[in-house]
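# Following is a predicted model, sequence given first.
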Amino acid sequence: MLESIADKKKNLEKSEANGNPWINPVGGFGDMLMLSGVLKLVNEQFPEQKYNLIRRSNYLTFLKDHPAIQAVGWPSKGVRTVRTDYWSLEQLGPANQRPFQILARHYGLQTPIEEKLYIPGDIPSDSLLLNSIPWKSVNILIAPSSDSPRKMMHPIIWHQLAELMKREGMLVIQVGRLRDLHIRPAYSLLGLTSPWQLLNVVRNCSAIVTLDNFIMHAAHLTRSRAVVVWGATNHEVYGYPDQTHLQMPKTCNLSSYDDCIGPTRNEGGQLYGTACPHGEKHCMNQLQPSQLYEAVRQILAK
């Protein structure tokens, strides 16, 4: 153990001596998948370019052993750092102003560029978890939660959707945090999965129904069929073209790309964790469960 720590320290000192910049990761797991994808493209085009990663346990999940990262630890005073807060770097929007494209430019890549997410190595199989799930012929994963209540729908919409799918003999699997509200007709994995285990479950399901959250990015990474519901944010900015998007019109008279929780209105993050003041008229609550169910049926038929 002492030799291992010494080796890590030596590697870090060597990396700093070589002038490798430090990455200061911020954001959620979805943001880390995007960052990892950008760094992989940098590594492919400029293999000599290496980075150091400021150690934060949450972000090591998808960045540990990354080919573009030489060392993980804590920087010396005054070293050069590279930002990851794409929302503060440029104006967000569709096409070449999407988060992935902004990050890619910030790390020296020519854009537009294909948005390929990446994780180092293969997704490890977890037979214990997978064998505990009572799989059926059709299995639908739902991810109703987000760090921002403004991205979420009323639970009754999820409940009615799950009932519709259950009547058709489908298994509905809910993932999320332990404190999330359980959608009763769903088989609950709330609080029981690590990010790696979530990727395992996602890639084993017939289809995914989610919001603008980590699972949306995970579905793109694993090439899983997905229906994504949008309201406060826009699928042309944050979503992926291989997914089915249900974009709900804003009830607050904002334009399509003007998010109520975007950087221009959410300085300091004061709105991100708050509920929409429109209550039942919140844009996300305008979706009918039957619309969502029909979208699921359509992607299952493909």
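That came through fine. Residues are numbered from 1 along each chain as shown.
# Name the nearest residue to residue 46, ignoring sequence neighbours.
residue 108 (7.1 Å; CB to CB, 6 or more residues apart in numbering). To be clear about C-beta, it is placed using only N, CA and C from the backbone, and glycine gets the same treatment.
# was I right about that neighbour contacting residue 43?
No. Counting by CB atoms under 8 Å, residue 108 stays clear of residue 43, with 11.7 Å between them.
# So which residues of the stretch 151-300 of the chain form helices?
Remark: helices assigned in the stretch 151-300 of the chain by DSSP state H, counting those that start in this stretch are 155-167, 195-204, 214-221, 235-238, 289-301.
# Let's have those helices in a markdown table, adding distance to residue 250.
Shown next, in a markdown table, are the helices of the stretch 151-300 of the chain (distance: least, CB to CB, whole Å):
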| stretch | distance to residue 250 |
| --- | --- |
| helix 155-167 | 17 |
| helix 195-204 | 29 |
| helix 214-221 | 19 |
| helix 235-238 | 13 |
| helix 289-301 | 17 |
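# Among those, which comes closest to residue 124?
helix 195-204 (6.1 Å; CB to CB).
# Summarise which helices and strands the closest one is packed against.
helix 60-63, helix 127-132, strand 139-143, helix 214-221 (3 or more CB pairs under 8 Å, 6 or more residues apart in numbering; DSSP states H and E).
# How is this protein partitioned into domains?
2-106, 127-301 (automatic domain parsing).
# wait, which of those is closest to residue 118?
domain 2-106 (4.0 Å).
# Need the nearest residue in space to residue 183, chain neighbours excluded.
residue 158 (4.7 Å).
# Report how many residues lie close to the one you found.
25 (other CB atoms under 10 Å).
# Same question for residue 254.
So residue 254, with other CB under 10 Å, has 14 neighbours.
# Show me whatever sits in contact with both of residue 108 and residue 43.
residue 49 (CB atoms under 8 Å, 6 or more residues apart in numbering).
# ok, residue 95 - contacts?
Contacts of residue 95 (CB under 8 Å, 6+ apart): 101, 112, 236.
# quick one: least confident helix or strand in the chain?
helix 2-17 (a mean of 54; mean pLDDT, DSSP states H and E).
# partner strands of whichever helix or strand comes after it, parallel or antiparallel?
Note on helix 2-17: by DSSP states H and E, the next helix or strand toward the C-terminus is strand 22-23. Next to strand 22-23 in the sheet, as set by DSSP bridges, lie strand 51-54 (parallel), strand 81-82 (parallel).
# For whichever helix or strand comes after strand 22-23, name the packing helices and strands.
Going down the chain from strand 22-23, the next helix or strand is helix 29-45, by DSSP H and E. For helix 29-45, the packing partners by 3+ CB pairs under 8 Å, 6+ apart come out as helix 60-63, helix 99-106, helix 214-221.
# what angle sits between the last one and helix 195-204?
Helix 214-221 and helix 195-204 are oriented at 60 degrees to each other (axes from the mean of the first three to the mean of the last three CA atoms, to 10 degrees).
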